[in-house]
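In: Requesting a structural model of the entry that follows:
(chains A and B, ligands or ions: 4)
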Amino acid sequence: FFPLSSPASKDTPVLLLKGDTDTIGREVTESLAEIFKAANVPVSFVSPKVDPRVDGGLTQEVIDLFAETRVAVKGPYFTPLGTKETSINIQLRKSFDLFANVVHAYNIPGIQTRHKDIDVVMIRENTEGEYSGLEHSAVPGVVESLKIITEEKSTRIAEYAFQYALANNRKKVTVVHKANIMKSADGLFLECCTNVASKYPFIEFESMIVDNTCMQMASNPQQFDVMILPNLYGNIVTNIATGLVGGPGLFPGANIGISGAIFEQGTRHSARSLAGRQIANPTATIMGGVLMLRYLKLEERAEAIEKAVMSVFAETDIRTRDVAAEGAAAASTSEFTDAVVAALKSSS
Amino acid sequence: ALSTTPAADGTYTVTLFPGDGIGPEISESVKTIFAAAEVPVKWETHIIDVQAVKPGDDLVSKDALDSVRRNGFGLKGPMATPIGKGHRSLNLTLRKELGLYANVRPCVSMPGVDTLYKDVDVVTVRENTEGEYSGLEHIVYPGVVESLKVITRDASIRVCEYAFQYAKNNNRKKVTAVHKASVMKMSDGLFLECAQEVAERHKDEDIEFQTLLIDNAASFLVSNPSLIDVMVMPNLYGDIISDLCAGLIGGLGLTPSGNMGEGCMLAEAVHGTAPDIVGQNRANPTALLMSALMMLRHMDLHDKAQLIEKSVHKVLRDGKVRTGDIGGSSTCTEYTDAIMREMDALRE
Ligand SMILES: Nc1ncnc2c1ncn2[C@@H]1O[C@H](COP(=O)(O)OP(=O)(O)OP(=O)(O)O)[C@@H](O)[C@H]1O
Ligand SMILES: Nc1ncnc2c1ncn2[C@@H]1O[C@H](COP(=O)(O)OP(=O)(O)OP(=O)(O)O)[C@@H](O)[C@H]1O
Ligand SMILES: [Mg+2]
Ligand SMILES: [Mg+2]
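Out: Numbers count the residues shown, from 1 in each chain, chains lettered A, B, ... in the order given. Ligands and ions are numbered 1, 2, ... in the order given. Below you'll find the predicted structure:
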């Protein structure tokens, strides 16, 4: 959503950020590039020449490149615990004001899961809330952390969600909050969503407390259609939803704002334990590429790649370890990639 | 630590708050079952009449609080806190006055209650006094709200220490500290640091310790809950995660909880007053009953707890008598009677 108004032309430059070397970023973005090549996608990837991270911040090169391309695909940057530096992932979203994080979780034919018929789109506020980074220690042993909710950003994400629902023929929007406890902050979020909802009387609107939402997710996830979530609840609920339908390796996420969009794994895990071993599942990143092609109005190329990926799940038992059946031999990242490429070739 | 010495005649006195809504019905069920099982417990009942309390006054009288302090044990049904009438919240009063610093919520699959998850056995230990529930919020300027989360070293150490004690006493193998220190570096960072410190103190006890980001924990719980055993976490995360766990095993009608304080314990069902089914004899008393059994175990009345639990399991496994929330059509009374019949059978 917020796609280009006309299709991208030949050799559209797209920024490719491979992520840290000790994450799965390398292998999954490589897989994506290979598939784009096989599918003759008219985009050319540009990557920063130097490490995109300097002294805890983004390099000017990355900022300039994104300002030029306005579209990026990225692998994960690892955020160390116990240091003060802000995550480079958060910096990217904040500096380009990519305010909406969109993750669509659904049952993929061929992936066995407990729950069936899940089809939920989570739209998460991406720039404020608990991710303000404003914390201080008043007295030793006591830390205060500020959560910021603004009318402007809450209204903006609500508008985006309803526009999304409208454009994608969705029937219901659920806003998730904890306004019974955080009466002012979550109360404001809820109020903004309710106000926006009144402009869309033909879309069903409901509100749900975050703890109840999580319980419902585990027991009756089929009831959800589109959800609007403040930042932290969004992080939790997107992880639950993708967990229900096959895990973090399968579903992409789009970070979208007026100035552009960045596509990546929906759950943004760095999966360092898998890094460099050719065992990560590249699907989430490949599907991130598919979302990007739709954003660039290259629907036909997007469709071809999506079909190829889905056919590998539906028609073969080639699976990376995270989604392989218990006891079954798992495919490597590149074997899975090869299978997608083969499916692409056979259908063209 | 809790006093576990009964009166000279071997009985314990327990303060009972039957509560509102379905509270009196399910409390009656617990009392009936306890009497039939000849549990050496005397009830000291305190009815809190919300309507009679004047604005500005506390909802719980000093008398009632003293009763819990004196007895060391309380059992509480759900209570409706009137919103916006100028009372201090009921739960807040109880937690503060009784120093209930840790909230323990075990979620164990019940035999015969069919859900998509088998053999769930996880325990949430939730910090009960601070975090996002500080109630400190303010409007910076119109349209911008700040909400304060407070994490202290004392409360974090205390709740983590309790989690390890709990694991040790209940023969549990693993403690997982759940946090979001990648984003809330100082506040959750402090919690994490305290958890690590406490784990270090317990390192000779054969209890494995791990830390998980809340998003990963949530994802694991819905995809493979057997990876989790005992969890400890700040207030809001505990609220969210424990409801998620309840969703895995069939809902709030089944999940018990215990609020642990210095020198006293207040057991309570997690669910609300269920206004939709009040007075219809349809409530499921299992959650409150299981909470009462947690209390019996703290009194070292293991045989009694075992007898009642076995009977509940038998009734649920047989499946003939069960309440509406878990797919049956029996009344609360019929279910209570069925449990008592099983107890009789077991004692023959
Ligand atoms: N593309 C992927 N393919 C397979 N598994 C994945 C993928 N992405 C994430 N995961 C899995 O999701 C889980 C969460 O990932 P995350 O990166 O947060 O954890 P981790 O790898 O244990 O920690 P760290 O990021 O510190 O290395 C891990 O079990 C990881 O292996
Ligand atoms: N013990 C129980 N037995 C049967 N159904 C229950 C039980 N507890 C809760 N429910 C059901 O779960 C749903 C939510 O109940 P809950 O009491 O939490 O609602 P609520 O409206 O939030 O109440 P409150 O305002 O007191 O918190 C209701 O449909 C209720 O009937
Ligand atoms: Mg709750
Ligand atoms: Mg309730």
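In: Roughly how far does B:G72 sit from ligand 3?
Out: Distance check for B:G72 against ligand 3: by Cβ to the ion, to the nearest Å, it reads 26 Å. C-betas here are computed from N, CA, C, even on glycine.
In: Surely that residue touches B:G261?
Out: No: in this structure B:G72 lies outside contact range of B:G261 using Cβ atoms under 8 Å: 9.5 Å.
In: can you give me the strands in chain A?
Out: In chain order, chain A shows strands spanning A:12-17, A:43-46, A:53-54, A:57-58, A:71-74, A:100-106, A:119-125, A:135-139, A:142-150, A:172-177, A:204-209, A:226-229, A:252-257, A:260-265, with DSSP state E as the criterion.
In: and the first one, C-alpha only, in CSV?
Out: Right, strand A:12-17. Presented in CSV, the C-alpha positions along strand A:12-17 are these (Å, rounded to 0.1, in the frame of the first residue of the first chain):
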residue,chain,number,x,y,z
THR,A,12,14.7,0.5,-11.1
PRO,A,13,17.4,0.9,-8.4
VAL,A,14,16.5,-0.7,-5.2
LEU,A,15,18.6,-0.5,-2.1
LEU,A,16,19.8,-3.9,-0.8
LEU,A,17,20.9,-3.9,2.9
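In: who does it pair up with?
Out: Using DSSP bridges, strand A:12-17 pairs in its sheet with strand A:43-46 (parallel), strand A:71-74 (parallel).
In: Just want the residue of the stretch 101-250 of chain B that's nearest chain A.
Out: Using Cβ to the nearest Cβ, the closest approach of the stretch 101-250 of chain B to chain A is made by B:G247 at 3.0 Å.
In: right, and that residue touches A:T213 too?
Out: No: counting by Cβ under 8 Å, A:T213 is not a contact partner of B:G247; they are 9.7 Å apart.
In: picking up where we left off before, ok, now which ones touch the nearest residue in space to the residue of the stretch 101-250 of chain B closest to chain A that is not next to it in sequence?
Out: Leaving aside its sequence neighbours, B:G247 sits nearest to A:A218 (Cβ to Cβ, 6 or more residues apart in numbering or on different chains; 3.0 Å). Contacts for A:A218 were tallied using Cβ atoms under 8 Å, 6 or more residues apart in numbering or on different chains; they are A:I240, A:L244, B:Y117, B:L221, B:V222, B:L244, B:C245, B:G247, B:L248.
In: same thing with B:M186?
Out: A:E135, A:H136, A:S137, A:V143, A:S145.
In: again, but for A:F189
Out: A:I149, A:S154, A:V175, A:H177, A:A179, A:P230.
In: In terms of helices and strands, where is B:A64?
Out: Secondary structure from DSSP states H and E places B:A64 in helix B:62-71.
In: any idea of the pLDDT on B:V53?
Out: What the model reports for B:V53 is a pLDDT of 71.
In: Surely it and B:L59 touch.
Out: Yes: counting by Cβ under 8 Å, B:V53 does reach B:L59; the two are 5.6 Å apart.
In: So which of these two has more stuff around it?
Out: B:L59 (21 against 18; other Cβ atoms under 10 Å in any protein chain shown).
In: The more buried one against B:H46, yeah?
Out: No: if you go by Cβ under 8 Å, B:L59 and B:H46 don't touch, sitting 11.3 Å apart.
In: Tell me what angle the lowest-mean-pLDDT helix or strand in chain B forms with helix B:62-71.
Out: Counting by mean pLDDT, DSSP states H and E, chain B has its least confident helix or strand at helix B:90-98, which shows a mean of 82. Relative orientation of helix B:90-98 versus helix B:62-71 (axes from the mean of the first three to the mean of the last three Cα atoms, to 10 degrees): 50 degrees.
In: check whether helix B:90-98 contacts ligand 2.
Out: No: using Cβ under 6 Å from any ligand atom, helix B:90-98 stays clear of ligand 2, with a minimum separation of 10.9 Å.
In: What are the buried residues along that helix?
Out: B:L90, B:N91, B:L92, B:T93, B:L94, B:R95, B:E97, B:L98 (16 or more other Cβ atoms under 10 Å in any protein chain shown).
In: Need the contact partners of it.
Out: B:48, B:58-60, B:65, B:68-69, B:76, B:79, B:81, B:100, B:128-129, B:135, B:259, B:261, B:264, B:266.
In: restrict those residues to contacts with ligand 3.
Out: Checked against ligand 3 using Cβ under 5 Å from the ion, the contacts of helix B:90-98 give no members in range.
In: any low-confidence regions in the chain?
Out: Unless you meant another one, I'm taking chain A. Per-residue confidence for chain A (pLDDT under 70) gives these ranges: A:1, A:4-5.
In: That was the other one, I meant chain B.
Out: Along chain B, the model assigns pLDDT under 70 to residues B:1-4, B:56, B:81-89.
In: related to what we said a few turns ago, between the strands paired with strand A:12-17, which gets nearest to A:S348?
Out: With Cβ to Cβ as the criterion, A:S348 lies closest to strand A:43-46 of the strands paired with strand A:12-17, at 17.8 Å.
In: Which residues outside that closest one are in contact with it?
Out: A:8, A:11-16, A:33, A:36, A:65, A:69, A:73, A:293, A:296, A:298.
In: Name the SS class of B:D119, please.
Out: With DSSP: H, G, I helix; E, B strand; the rest coil as the basis, B:D119 sits in coil.
In: List only buried entries from the contacts of B:M186.
Out: For these, buried by 16+ other Cβ under 10 Å: A:E135, A:V143, A:S145.
In: Provide the backbone phi and psi angles at the closest residue to the first one other than its chain neighbours.
Out: Counting by Cβ to Cβ, 6+ apart, A:E135 lies nearest to B:M186, which is 4.0 Å off, once chain neighbours are set aside. Main-chain dihedrals, B:M186, degrees, to the nearest 10: phi -80, psi -50.
In: circling back: whether the least confident helix or strand of chain B contacts ligand 3 - can you check?
Out: No: shown here: helix B:90-98 not in contact with ligand 3 (Cβ under 5 Å from the ion), separated by at least 10.7 Å.
In: chain center to the next helix or strand after that helix: distance?
Out: The helix or strand immediately downstream of helix B:90-98 is strand B:100-108, counting by DSSP H and E. Chain-centre distance of strand B:100-108: 5 Å, with Cα atoms, centre = their mean, to the nearest Å.
In: Let me know the angle separating strand B:100-108 from helix B:90-98.
Out: Using the same axes, to 10 degrees: strand B:100-108 against helix B:90-98 is 120 degrees.
In: Just to check, B:K168 is in contact with B:E205?
Out: Yes: using Cβ under 8 Å, B:K168 is in contact with B:E205, at 5.8 Å.
In: which of the strands paired with strand A:12-17 is buried the deepest?
Out: strand A:71-74 (a mean of 24; mean count of other Cβ atoms under 10 Å in any protein chain shown).
In: Is ligand 1 within reach of it?
Out: No: using Cβ under 6 Å from any ligand atom, we find that strand A:71-74 stays clear of ligand 1, coming within 13.2 Å at best.
In: State the distance from the residue nearest to A:E135 to ligand 2.
Out: 33 Å (Cβ to the nearest ligand atom, to the nearest Å).
In: hmm, stretch A:18-27 in reach of chain B?
Out: No: Stretch A:18-27 does not reach chain B (Cβ under 8 Å from any Cβ of the partner chain); its nearest approach is 13.5 Å.
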